[in-house]
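*Asks:* Kindly return the folded structure for what I paste below:
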Amino acid sequence: MKILVPVKRVTDPNIKIRVKADGSGVDLTSVKMAINPFCEIAVEEAIRLREAGKAREVVVVSIGPTAAQDTLRAALAMGADRAILIEAETGVEPLGVAKALKRIAEAENPDIIIVGKQAVDDDCNQTGQMLAALLGWPQATFASKVELGEGVATVKREIDGGLETLELKLPIVVTTDLRLNTPRYASLPNIMKAKKKPIDVRKAADFPELADLRLEVLKTIEPPGRAAGIKVNSIAELVQKLRSEARVI
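*Replies:* Okay, the predicted model is just below:
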């Protein structure tokens, strides 16, 4: 069994980002980049399934600039077997990414594709669902537990009312939620080994669907700063302000 895991290079979620002066987007100059946290969870789950003897190979794929090789190396250091990079120096959109991943999936023929449910830079939460639709595969989104059997997968997913358990025939697409697992830290020996693992680099020109951009960012603005707190002299004044100013009661 083979597992395919798409991963995305994003700004490190622990840093504060800045908006460009002209409002055209986020300033990425000298900004630390990292693997998308939900993608990291997907990589960890794939590795755990392989370690449990449920899979024989974990392949990670990324679409982005040449520097995205660092993101793939991080996934390889965690334990992925090999990597594919589609070099795209310009911006891409979820539908184009899903179409490109469909072609990769058709070539690699995986039994399961594990995708982070969303990226922390754009929060689109679309690629996994689009990919499943394009492939015509069953999908289980927001997975909190994945178990593989003989030709089937049992997935627990989080919904508004609690947990839902699905049984799906392979091949499938799964998107990961935060509670699926806690990703491991890559050890120094594995980091060194990752430098020797193969990365198959392909050109965006071979994937014309990536150039089919349909969205336009009109303006990017920073959220308003947090207002200073105030002190009240009585419970009655607190209730009055919560009702008239905060409008929460």
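*Asks:* quick check: longest strand of this protein.
*Replies:* Secondary structure assigned by DSSP state E gives strand 139-148 as the longest strand of the chain.
*Asks:* Can you point out the buried residues in that one?
*Replies:* By neighbour count on 16 or more other CB atoms under 10 Å, the buried set for strand 139-148 is 139-146, 148. From N, CA and C alone the C-beta is placed, and that goes for glycine too.
*Asks:* what's the closest of these to Arg184?
*Replies:* Using CB to CB, Val146 comes nearest to Arg184 of the buried residues of strand 139-148, at 16.6 Å.
*Asks:* Quick check: bridge partners of the closest one?
*Replies:* Counting by DSSP bridges, Val146 forms beta bridges with Val155.
*Asks:* And Met33, by the same measure?
*Replies:* Beta-bridge partners, per DSSP bridges, of Met33: Thr11.
*Asks:* and it, how many neighbours?
*Replies:* Met33 has 17 neighbours, counted by other CB atoms under 10 Å.
*Asks:* Glu216 too?
*Replies:* With other CB under 10 Å as criterion, Glu216 counts 5.
*Asks:* now it: how far from Asp111?
*Replies:* Glu216 is 38 Å from Asp111, where distance means CB to CB, to the nearest Å.
*Asks:* Could you do Ala83 as well?
*Replies:* Distance of Ala83 to Asp111, computed by CB to CB: 19 Å.
*Asks:* Which parts of the chain are helices?
*Replies:* Using DSSP state H, the helices found in the chain span residues 37-51, 69-78, 94-108, 127-135, 188-194, 235-244.
*Asks:* Tell me which of these approaches Leu180 most closely.
*Replies:* Minimum separation from Leu180 across these (CB to CB) falls at helix 37-51, 5.5 Å.
*Asks:* still on that earlier bit, can you dump the C-alpha coordinates of the longest strand of the chain into PDB?
*Replies:* C-alpha atoms of strand 139-148 as PDB (Å, rounded to 0.1, in the frame of the first residue of the first chain):
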ATOM      1  CA  GLN A 139     -13.400  11.200   1.100                       C
ATOM      2  CA  ALA A 140     -13.300  11.700   4.900                       C
ATOM      3  CA  THR A 141     -12.700  15.200   6.100                       C
ATOM      4  CA  PHE A 142     -11.500  16.500   9.500                       C
ATOM      5  CA  ALA A 143     -10.300  13.000  10.500                       C
ATOM      6  CA  SER A 144      -9.400  12.400  14.200                       C
ATOM      7  CA  LYS A 145      -8.600   8.700  13.800                       C
ATOM      8  CA  VAL A 146      -7.700   6.500  10.800                       C
ATOM      9  CA  GLU A 147      -7.600   2.700  10.800                       C
ATOM     10  CA  LEU A 148      -6.800   0.700   7.700                       C
END
